[in-house]
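**Q** Turn this into a model:
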Amino acid sequence: MKILIIKLNATGDVVRTTSLLRRLEADSITWITARGNVPLLDGVRPNVRCVAWEDRARAADTAYDMAISLEDEPETVAFLREVRHGRVFGASLAGDGSVQYGDDAREWFDMSLISRHGRQRADELKLLNRKTYQEMVFAGLGYRFENEAYVLPLPAKTDLHGDVAVATAAGPVWPMKNWGYYDELQRRLEATGLRVNVLPKRATLLEHLGDIANHRCLVGGDSLPMHLALGLGVPCVTIFNCTSPWEIHDYGLQTKVVSPLLAEFFYKRGMDIRATTAVDVDRVFAATMARFAAD
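**A** Okay, here's the model as predicted:
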């Protein structure tokens, strides 16, 4: 059995997709991803070959029994026409060049940018959905998700150690993921005697992974550091201002602090300060302290 996985972006979504590696029964798996994600996938399993998107022609050397196509951009999906494959789970090109998906993947893709129901209904379905990403993708592939953990490489050793790691940056695509009270939270946590570090920008993802591994708890938004913490077994407190808390499987490690204005700003990519300040600092402070009390 030979399987091709096409999952390039975003890095957090790539990380949560690695849970499939614990269930897919294959002699070899070729995973095409963005070049920046290669360090997170390279060598994580003896049967996994990681190929950067720019080097995708290398993946055409094999005939695949199945292709798991988890992107929705026409250029990316079009690569399937360049490889020999059997079953396709996920996105593929229709005869007219548009991106389509099969019924086995509809639970996930019905809520996506290529939803057959249109963008407005897709977002409505996403707000109503209560299944995790893993539950939907695993089910479409014929499996039952049973708490399979992410698969991560060994972290790099770093000199940043502490009790609480704070992930303040969420990136330019989702500015409303950024929470407005991280500075105040840090002051309050440090007043209790906890050592708090704001995660710095690192040269490599493995150093970023190492920084998170060196802490007892992570506080931040729905972003890459959250997924890395979940994969490392580090408890986390996650603030959801505008994205789905229900799609994230918590692995028994996560406290979800959901904005009272979530529905108003759900999956909107603009910026409104009300979205970033709707969750008050008392809630996040209490959730963080409860995480330490539970240890």
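
**Q** Would you double-check that Trp179 falls in a helix?
**A** No: going by DSSP: H, G, I helix; E, B strand; the rest coil, the assignment for Trp179 is coil, not a helix.

**Q** quick one: pLDDT of it?
**A** Turning to Trp179, the model gives it a pLDDT of 96.

**Q** from memory Tyr251 sits against Leu230, does it?
**A** Yes: in this structure, Tyr251 is within contact of Leu230 by Cβ atoms under 8 Å, at 5.4 Å. C-beta coordinates here come from the backbone N, C-alpha and C atoms, glycine included.

**Q** more crowded one of these two?
**A** Counted by other Cβ atoms under 10 Å, Tyr251 and Leu230 do not tie: Leu230 has more neighbours, with 26 against 17.

**Q** Summarise which helices and strands the helix or strand hosting that one is packed against.
**A** Assigned by DSSP states H and E, Leu230 belongs to helix 224-232. Here helix 224-232 touches helix 11-17, strand 162-167, helix 205-213, strand 215-221, strand 236-240, going by 3 or more Cβ pairs under 8 Å, 6 or more residues apart in numbering; DSSP states H and E.

**Q** Please dump these into TSV; it should also carry mean pLDDT for every row.
**A** Shown next, in TSV, are the helices and strands packed on helix 224-232 (pLDDT from 0 to 100):
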stretch	mean pLDDT
helix 11-17	97
strand 162-167	98
helix 205-213	98
strand 215-221	97
strand 236-240	98
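
**Q** Tell me which of the ones you listed lies nearest to Glu247.
**A** Among the helices and strands packed on helix 224-232, the nearest to Glu247 by Cβ to Cβ is helix 11-17 (9.0 Å).

**Q** ok, back up a step: could you save the helices and strands packed on helix 224-232 as a markdown table and add columns showing mean neighbour count and distance to Leu24?
**A** Output for the helices and strands packed on helix 224-232, formatted as a markdown table (neighbours: other Cβ atoms under 10 Å; distance: least, Cβ to Cβ, whole Å):
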| stretch | mean neighbour count | distance to Leu24 |
| --- | --- | --- |
| helix 11-17 | 20 | 11 |
| strand 162-167 | 21 | 30 |
| helix 205-213 | 22 | 23 |
| strand 215-221 | 25 | 28 |
| strand 236-240 | 25 | 27 |
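
**Q** Which among these is found nearest to Ser112?
**A** Of all those, helix 11-17 comes closest under Cβ to Cβ, at 11.5 Å.

**Q** Alpha carbons only: can I get the next helix or strand along the chain from the closest one in PDB?
**A** Sequence-wise, the next helix or strand downstream of helix 11-17 (DSSP H and E) is strand 28-33. In PDB, the C-alpha atoms belonging to strand 28-33 read as follows (Å, rounded to 0.1, in the frame of the first residue of the first chain):
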ATOM      1  CA  SER A  28       5.200   4.000   2.200                       C
ATOM      2  CA  ILE A  29       3.700   7.400   2.600                       C
ATOM      3  CA  THR A  30       4.800  10.400   0.600                       C
ATOM      4  CA  TRP A  31       3.800  13.800   2.100                       C
ATOM      5  CA  ILE A  32       4.000  16.900   0.000                       C
ATOM      6  CA  THR A  33       4.100  20.100   2.100                       C
END
